[in-house]
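Asker: curious how this folds, go ahead:
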Amino acid sequence: MNPEDVEERIESALEDADATVTYARDEHDDDHLAATVVSPVFEDLSLVDQHQQVYDALGEHMTTDIHALELSTYTPEEYEDA
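Answerer: Next up is the predicted model:
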C-alpha cells in the first residue's frame, strides 16, 4: 500500500484529518510506513485511543498491507505548538 493511499484512507475516515505518510525506511521496504496525523477528533483522547482511531481507519490493511506504522498523532493545537 503506498503512502498516498494510506493518507486518503485516514483523511476520509477521521473528521478534518490531515495525514502525511512516508516510507519509514526506503521505497524498497514499502510495508514500513511513518504517519503524522492531525485531527480535532483526538481532543480529550489518550495517545492509545488516538492511535486506535488511526488503526481503525486503516482496518484490515494494518494486518495485510502494512507491516509497521510509525505513528504520531496531534490535535491541531498540539501540532501548532510542536
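Asker: what helix or strand does the most centrally placed residue in the chain sit in?
Answerer: By C-alpha atoms, centre = their mean, the chain has its centre lying nearest to Ala35, at 4.5 Å. Using DSSP states H and E, Ala35 maps to strand 32-38.
Asker: just the helices in this protein please.
Answerer: For the chain, the helices defined by DSSP state H occupy 3-13, 47-58, 61-64, 76-81.
Asker: show me how far the lowest-mean-pLDDT helix or strand in the chain is from its chain's centre.
Answerer: In the chain, the helix or strand scored least confidently by mean pLDDT, DSSP states H and E is helix 61-64, which has a mean of 90. The chain centroid and the centroid of helix 61-64 are separated by 13 Å under C-alpha atoms, centre = their mean, to the nearest Å.
Asker: let's see that helix as PDB, backbone CA atoms only.
Answerer: Presented in PDB, the C-alpha positions along helix 61-64 are these (Å, rounded to 0.1, in the frame of the first residue of the first chain):
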ATOM      1  CA  HIS A  61      -4.700  -3.100   5.800                       C
ATOM      2  CA  MET A  62      -2.900  -2.900   9.200                       C
ATOM      3  CA  THR A  63      -2.600  -6.700   9.100                       C
ATOM      4  CA  THR A  64      -2.300  -7.400   5.400                       C
END
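Asker: any stretches of this structure with poor pLDDT?
Answerer: Within the chain, the segments meeting pLDDT under 70 span 26-30.
Asker: returning to what we had before: buried residues, the least confident helix or strand of the chain. List them.
Answerer: Neighbour-count burial for helix 61-64 flags Met62 (criterion: 16 or more other C-beta atoms under 10 Å). To be clear about C-beta, it is placed using only N, CA and C from the backbone, and glycine gets the same treatment.
Asker: again, but for stretch 58-75
Answerer: 58, 62, 66, 69, 71-75.
Asker: what's the answer for stretch 5-19, then?
Answerer: 6-7, 9-11, 13-14, 17, 19.
Asker: ok, those residues vs Gln50, which is closest?
Answerer: Leu14 (9.8 Å; C-beta to C-beta).
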